[in-house]
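Quick one, fold the following:
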Amino acid sequence: DAAAGDGAAGDGARGWLAPDPELPALVPERRSRAYDVRRPLARILDPDTLLELGPGYGRSLLTGLARLDGHAVGVIASQPRFFAGALDPAACEKAVRLLCLCDAFDLPVVFVQDVPGFFVGRAVEHAGMLKHAIRLQTALALSQAPKLTLLLRKSYGLAYFSLGGNDTGVDAVYAWPGAEISFMDPQVAANVVSGGDPATAEAALTAMEAETDPYGAAGLMNVDEIIDPAETRAVLARALGRLDGRPLARGWERPLASWPTC
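Purely as a prediction, here's the structure:
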């Protein structure tokens, strides 16, 4: 129909949830290549509904409000265009504020991951990197709003769990087939274990890359479903539909809703 054909349904009709074969091409396969996450988000979310919050603050993370198949949602998405999407103190605080806002109004949160980890170094340590990382994980654990997680390309280390990885209270974790889940970037890990020997590093990289694909995590039930990227919108919309009628937690059971965010 017309809605499926042009990808725009102003009244939130389901026609635009047809498979989108152009979506996967918006995320480069090479893990080190930067891109603007707004481009895939524009095709996953309802057209022209994303209201980005604080775009000039914590720029390695995009947060905002949007609609997906008519459902109002909060969005927390890695932004590889800035600092490769690594989390710094500002990005952590930005995520906490969005979690608090969504908890206060019982808005579902959609996490979109493509994150290499947390910033390291003297500057971020002096800025309270550890404190902000723990605060983000605490906020995630306290959140009572529905939460869905989508892994696009990579997610390494503690950052995977801080942005809605498995066993963090999220309702479902979905991954694209090419997504990588690991304790760190396989290239970096291979260089470390090889001691700088090129032949050993190449063999180590091959072995580590084979262990980072999402199928192993799915086999351990740490990823709920590996999805066709073209079906991303429909998968998330169906999940939101299932969560829409769940009982609302009472006020005293929602400590995050009254958290200070300043």
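
The spatially most central residue of the chain - nearest residue in space that isn't next to it in sequence?
The centroid of the chain falls nearest to V112 when counting by Cα atoms, centre = their mean (2.3 Å). Residue nearest to V112 in three dimensions, not counting chain neighbours: A77, with 3.7 Å by Cβ to Cβ, 6 or more residues apart in numbering. Yep, even glycine has a C-beta here, placed from its N, CA and C like the rest.

got it, and L107?
Closest to L107 by Cβ to Cβ, 6+ apart is G74, at 5.1 Å.

May I have the strands that pair with the host helix or strand of the one you found, each with its orientation?
Using DSSP states H and E, G74 sits in strand 71-78. Strand 71-78 pairs in its sheet with strand 61-68 (antiparallel), strand 109-115 (parallel), by DSSP bridges.

can you tell which of those strands is closest to R153?
strand 109-115 (4.6 Å; Cβ to Cβ).

Just the buried residues of the following helix or strand past that closest one, please?
Proceeding N to C from strand 109-115, the next assigned helix or strand is helix 122-126, under DSSP H and E. Within helix 122-126, the residues scored as buried using 16 or more other Cβ atoms under 10 Å are V124.

Could you dump the strands paired with strand 71-78 into CSV with mean pLDDT and distance to A230 added?
CSV is the format used below for these (pLDDT from 0 to 100; distance: least, Cβ to Cβ, whole Å):
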stretch, mean pLDDT, distance to A230
strand 61-68, 98, 16
strand 109-115, 97, 16
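
Which strands or helices does the longest strand along the chain pack on?
Criterion DSSP state E: the longest strand present in the chain is strand 147-156. Judged by 3 or more Cβ pairs under 8 Å, 6 or more residues apart in numbering; DSSP states H and E, strand 147-156 is in contact with strand 109-115, strand 172-175, strand 180-182, helix 232-243.

number of nearby residues for G241?
12 (other Cβ atoms under 10 Å).

right, and it touches L68 too?
No: using Cβ atoms under 8 Å, G241 is not in contact with L68; the gap is 10.2 Å.

you'd agree P80 is up against R39?
No: if you go by Cβ under 8 Å, P80 and R39 don't touch, sitting 11.0 Å apart.

returning to that earlier point: so who does the residue nearest to L107 touch?
T63, G64, L65, L98, L99, L101, C102, L107, P108, V109, V110, A145 (Cβ atoms under 8 Å, 6 or more residues apart in numbering).
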